[in-house]
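A.B. asks: give me coordinates for this.
(4 chains)
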2 protein chains.
Amino acid sequence: MTDRERRQVGRPATIEAPRETILAHAASLFATMGYENTSLQDVARAVGISKAAVYHYFSTKQQIYDEIVVVMLQQLEAFVRERVEKAERSEDGIRAFMVAHATFMEENFTEFVTLLHGHGGTSRVRSPGEIAARDSYETVLRTMLQQAQDRGELNIDNVASASRAILSMLNWMSRWFRPDGERRAAEFAEDYFKLLYMGFKRR
Amino acid sequence: MTDRERRQVGRPATIEAPRETILAHAASLFATMGYENTSLQDVARAVGISKAAVYHYFSTKQQIYDEIVVVMLQQLEAFVRERVEKAERSEDGIRAFMVAHATFMEENFTEFVTLLHGHGGTSRVRSPGEIAARDSYETVLRTMLQQAQDRGELNIDNVASASRAILSMLNWMSRWFRPDGERRAAEFAEDYFKLLYMGFKRR
DNA sequence: GTCTATATGGTGATAGAC
DNA sequence: GTCTATCACCATATAGAC
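C.D. replies: Numbering: from 1, shown residues only, chains lettered A, B, ... in the order given. As a prediction, the model looks like this:
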């Protein structure tokens, strides 16, 4: 079977913002089917162009994936920073971080799933751009926690551990959260914040 | 190229406990390379038998995966239950749960990565056995938290949220933890417990 | 129970016309 | 910039001999 038969159209299909369109459809398919179960044929069909046309904009399948991830990380950081900076007290900053992260996840769900659950096993090579973007994002939280501790505003004796804990809860949300469910992601994030802030020791 | 050329041996290879051997090698490859990047050829070669011999014990690749997952979940639950039951106070039970989960993860790292990060996207179908085993395991923690709250021993006003938070932190460990690192998984779990127990509110 | 050999079909990627 | 057509390869799974 040829591409023509698969697509049912022979005429050239011109689309606008081709790169962005391809990335959006690819992200959706990657999130739903998984990276390795999505063929470039699937991506091309979703966009409405031929496989070869996809190769005109991206040189490998991996490049499509990498671009989704880096773009999302940068947008996430910008989104979160803007909301964190408005906070006055340390605890408000942390809460803002958690809520903003969850909100962004919900609003960009398919790309976010792609970002977090990606593909491949433990031996996967991360692109330099991805590593830099992740580090940059994690530093936002870490810095906030460290300052809260240094100023004596909160009781965070293990900043590294607290930072990991917060990101773990938020990241794992993308595994069980469903955007069409009853509760918003931000509500779950609020619950997590309260739990961390109060602790469950009886006093 | 035939299987013979690939394997460099033509003689029948008989191994003991063939099912378990295949599962162990498959889990290791799935964790390292990812499920979809691991071919049954790879599994067969690792075990030292032919592809067709693998099909003698398992009828599909998916079946191999499902069996790894269910077996691990059952062993995890048994391992954790044994340690939790020794605890007297509520907080000791929760700590024991977290430490045991982390310890089991470290001791069975490759199978655990397979279990948690699996393959495919959000549309993946989980086997009935997997769903039952997961529910059963999560109930262990949930019951413990609910009892602690009912007895007034701890301050857990949102049991569902606390349960999710704990499992999220533990599950996400399998994404960044490396068994050859300096710290044991149990130490990280202890840190998480302290954080949740104390909270970071200043008093 | 293990083997060799093969059926069947999809994959990422490229060549070259228009 | 998009297309058709194709390359070279590997996948899961099966048939049938020993």
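A.B. asks: stretch A:51-69 and chain B in contact?
C.D. replies: No - applying C-beta under 8 Å from any C-beta of the partner chain, one finds stretch A:51-69 separated from chain B by no less than 12.3 Å. Bear in mind the C-beta positions are built from the backbone N, C-alpha and C, glycine included.
A.B. asks: neighbouring contacts of that stretch?
C.D. replies: Residues outside stretch A:51-69 that contact it (C-beta atoms under 8 Å, 6 or more residues apart in numbering or on different chains) are A:3, A:13, A:18-19, A:22-23, A:26-27, A:30, A:35, A:40-41, A:43-44, A:47, A:111, A:114-115, A:118-119, A:127, A:129-130, A:133.
A.B. asks: return the members of these classed as buried.
C.D. replies: A:22-23, A:26-27, A:30, A:35, A:40, A:43-44, A:47, A:111, A:114-115, A:118-119, A:130, A:133 (16 or more other C-beta atoms under 10 Å in any protein chain shown).
A.B. asks: mind listing the helices for chain A?
C.D. replies: Assigned by DSSP state H, the helices in chain A fall at A:3-7, A:18-33, A:40-47, A:51-57, A:61-84, A:90-107, A:109-117, A:128-150, A:159-176, A:185-198.
A.B. asks: mean pLDDT added to those, as a markdown table?
C.D. replies: Formatted as a markdown table, the helices of chain A follow (pLDDT from 0 to 100):
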| stretch | mean pLDDT |
| --- | --- |
| helix A:3-7 | 46 |
| helix A:18-33 | 98 |
| helix A:40-47 | 98 |
| helix A:51-57 | 98 |
| helix A:61-84 | 98 |
| helix A:90-107 | 98 |
| helix A:109-117 | 97 |
| helix A:128-150 | 98 |
| helix A:159-176 | 98 |
| helix A:185-198 | 98 |
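A.B. asks: in JSON lines: those, plus distance to DNA strand D.
C.D. replies: Shown next, in JSON lines, are the helices of chain A (distance: least, C-beta to the nearest atom of the strand, whole Å):
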{"stretch": "helix A:3-7", "distance to DNA strand D": "3"}
{"stretch": "helix A:18-33", "distance to DNA strand D": "5"}
{"stretch": "helix A:40-47", "distance to DNA strand D": "7"}
{"stretch": "helix A:51-57", "distance to DNA strand D": "3"}
{"stretch": "helix A:61-84", "distance to DNA strand D": "14"}
{"stretch": "helix A:90-107", "distance to DNA strand D": "29"}
{"stretch": "helix A:109-117", "distance to DNA strand D": "20"}
{"stretch": "helix A:128-150", "distance to DNA strand D": "23"}
{"stretch": "helix A:159-176", "distance to DNA strand D": "24"}
{"stretch": "helix A:185-198", "distance to DNA strand D": "35"}
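A.B. asks: quick check: domain ranges of chain A?
C.D. replies: A:3-59, A:66-198 (automatic domain parsing).
A.B. asks: relative to B:D150, which of these is closest?
C.D. replies: The closest of the domains of chain A to B:D150 is domain A:66-198. By C-beta to C-beta, the value is 17.9 Å.
A.B. asks: what's the end-to-end length of that closest one?
C.D. replies: Start-to-end span of domain A:66-198 (C-alpha to C-alpha, to the nearest Å) is 39 Å.
A.B. asks: same question for stretch A:45-64.
C.D. replies: Terminal residues of stretch A:45-64 are spaced 16 Å apart (C-alpha to C-alpha).
A.B. asks: stretch A:83-99 now?
C.D. replies: For stretch A:83-99, the first-to-last residue distance is 9 Å (C-alpha to C-alpha).
A.B. asks: for that stretch, which positions count as buried?
C.D. replies: Going by 16+ other C-beta under 10 Å, stretch A:83-99 has these buried residues: A:R83, A:V84, A:S90, A:E91, A:G93, A:I94, A:R95, A:A96, A:F97, A:M98, A:V99.
A.B. asks: equivalent analysis for stretch A:137-153, please.
C.D. replies: By neighbour count with 16+ other C-beta under 10 Å, stretch A:137-153 contains the buried residues A:Y137, A:V140, A:L141, A:R142, A:M144, A:L145, A:Q146, A:A148, A:Q149.
A.B. asks: quick check: the last one touching A:D157?
C.D. replies: Looking back up the chat, that one is A:Q149. Yes - counting by C-beta atoms under 8 Å, A:Q149 does reach A:D157; the two are 7.3 Å apart.
A.B. asks: what does the residue lying closest to A:H119 once chain neighbours are set aside show for phi and psi?
C.D. replies: Residue nearest to A:H119 in three dimensions, not counting chain neighbours: A:Y35, with 3.3 Å by C-beta to C-beta, 6 or more residues apart in numbering or on different chains. A:Y35 adopts backbone torsions of phi -60, psi -50, taken as degrees, to the nearest 10.
A.B. asks: DNA strand C versus A:Y35, what's the distance?
C.D. replies: 8 Å (C-beta to the nearest atom of the strand, to the nearest Å).
A.B. asks: so who does that residue touch?
C.D. replies: A:Y65, A:T114, A:G118, A:H119, A:G120.
A.B. asks: ok, 10 Å please
C.D. replies: Contact analysis of A:Y35 by C-beta atoms under 10 Å, 6 or more residues apart in numbering or on different chains lists A:26, A:29, A:61-62, A:64-65, A:114, A:117-120, B:34, B:36-37, B:119-121.
A.B. asks: likewise A:T114?
C.D. replies: Per C-beta under 10 Å, 6+ apart, neighbours of A:T114: A:23, A:26-32, A:34-35, A:65, A:68-69, A:72, A:108, A:174, B:121.
A.B. asks: doesn't A:A17 make contact with A:V47?
C.D. replies: No - using C-beta atoms under 10 Å, A:V47 makes no contact with A:A17, being 11.0 Å away.
A.B. asks: between those two, what contacts are shared?
C.D. replies: What both A:V47 and A:A17 touch, as defined by C-beta under 10 Å, 6+ apart, is the set A:L23, A:A24.
A.B. asks: related to what we said a few turns ago, of the contacts of A:Y35, buried ones?
C.D. replies: Among the contacts of A:Y35, the ones that count as buried by 16+ other C-beta under 10 Å are A:26, A:29, A:61, A:64-65, A:114, A:117-120, B:34, B:36-37, B:119-121.
A.B. asks: between those, which is closest to DNA strand C?
C.D. replies: Within the buried ones among the contacts of A:Y35, the smallest distance to DNA strand C is 3.9 Å, found for A:K61 (C-beta to the nearest atom of the strand).
A.B. asks: just the buried residues of stretch A:148-167, please?
C.D. replies: Buried residues in stretch A:148-167, counting neighbours by 16+ other C-beta under 10 Å, are found at A:A148, A:Q149, A:L154, A:I156, A:V159, A:S161, A:A162, A:S163, A:R164, A:A165, A:I166, A:L167.
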